[in-house]
Structure formats: C-alpha cells, structure tokens
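[1] Just the structure for this:
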Amino acid sequence: MAKPEDYSQRKADLAGWPVTIISYRLEGVYHTTIENTDPGAWVVKAEGADKQAAESKAMKDAEALLAKAKKNPPPTGCRSVPGF
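    This next block holds a predicted model:
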C-alpha cells in the first residue's frame, strides 16, 4: 500500500472564508483538499500532475463555491457562536 509523500498543510482565506489547504502526492499524483476551517467540512478535492496544478484547480473551484455561500449572523442574543 502506497504512503502519501510531500505532505503540506496551510491556512488561507478564500472569498472571505478561512480554509485549510492540504496537499500530498500519492503514487505520482498530487491530491489537494480544501476544507472550511470552521466547522471543518471539506469544500473541494482536486488532483493534478504536480502540486501547483492540483492546488490551483482546487483553489479556483473552492473560491467559486465559497463566493456563493452566505454568511449569516447568529440570532440576536446567541452566545454559543464564538465571536458573538
């Protein structure tokens, strides 16, 4: 069974949303996953011949999806959401 190589993880901001970008190589193919940092759900996954191609495709797709998402403030008086 192959093991992931060239693993990297970093935080970024796409379309006003905090995301985590995870990339790695598995059997010669680069894989990139972009996750919404809070609540931690993945947004997109992409593959490419090299790291730059996989990340570029994933970032383009994620930015398009996240730009459509609405940020709604919590209900008035809500204290369970951090930052409010």
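[2] Kindly confirm whether my reading is correct that Y24 touches K3.
    No. With contact defined as C-beta atoms under 8 Å, Y24 does not reach K3; the gap is 9.5 Å. Using the backbone N, CA and C atoms, a C-beta is placed for each residue, glycine as well.
[3] These two: which is more packed in?
    Shown here are Y24 and K3; by other C-beta atoms under 10 Å, Y24 has more neighbours (18 against 8).
[4] and the helix or strand hosting that one, which strands flank it?
    Per DSSP states H and E: Y24 is located in strand 17-26. Applying DSSP bridges, strand 17-26 is found paired with strand 5-14 (antiparallel), strand 29-36 (antiparallel).
[5] so which of the ones you listed gets nearest V44?
    Proximity to V44, assessed across the strands paired with strand 17-26 by C-beta to C-beta, is greatest for strand 29-36 (5.2 Å).
[6] For this structure, name the helix or strand with the lowest mean pLDDT.
    The element with the least model confidence among the helices and strands of the chain, by mean pLDDT, DSSP states H and E, is strand 42-48, at a mean of 91.
[7] what's the angle between that strand and strand 5-14?
    Interaxial angle of strand 42-48 relative to strand 5-14 (axes from the mean of the first three to the mean of the last three C-alpha atoms, to 10 degrees): 130 degrees.
[8] which element follows strand 42-48 toward the C-terminus?
    Counting by DSSP H and E, the next helix or strand C-terminal to strand 42-48 is helix 51-68.
[9] which helices and strands does that next one pack with?
    Applying 3 or more C-beta pairs under 8 Å, 6 or more residues apart in numbering; DSSP states H and E, we find helix 51-68 packed against strand 5-14, strand 17-26, strand 29-36, strand 42-48.
[10] Buried residues, the shortest one. List them.
    What it means is strand 42-48. Residues of strand 42-48 classed as buried by neighbour count (16 or more other C-beta atoms under 10 Å): V43, V44, K45, A46, G48.
[11] any idea how far the last one is from Y30?
    G48 sits 5 Å away from Y30, taking C-beta to C-beta, to the nearest Å as the criterion.
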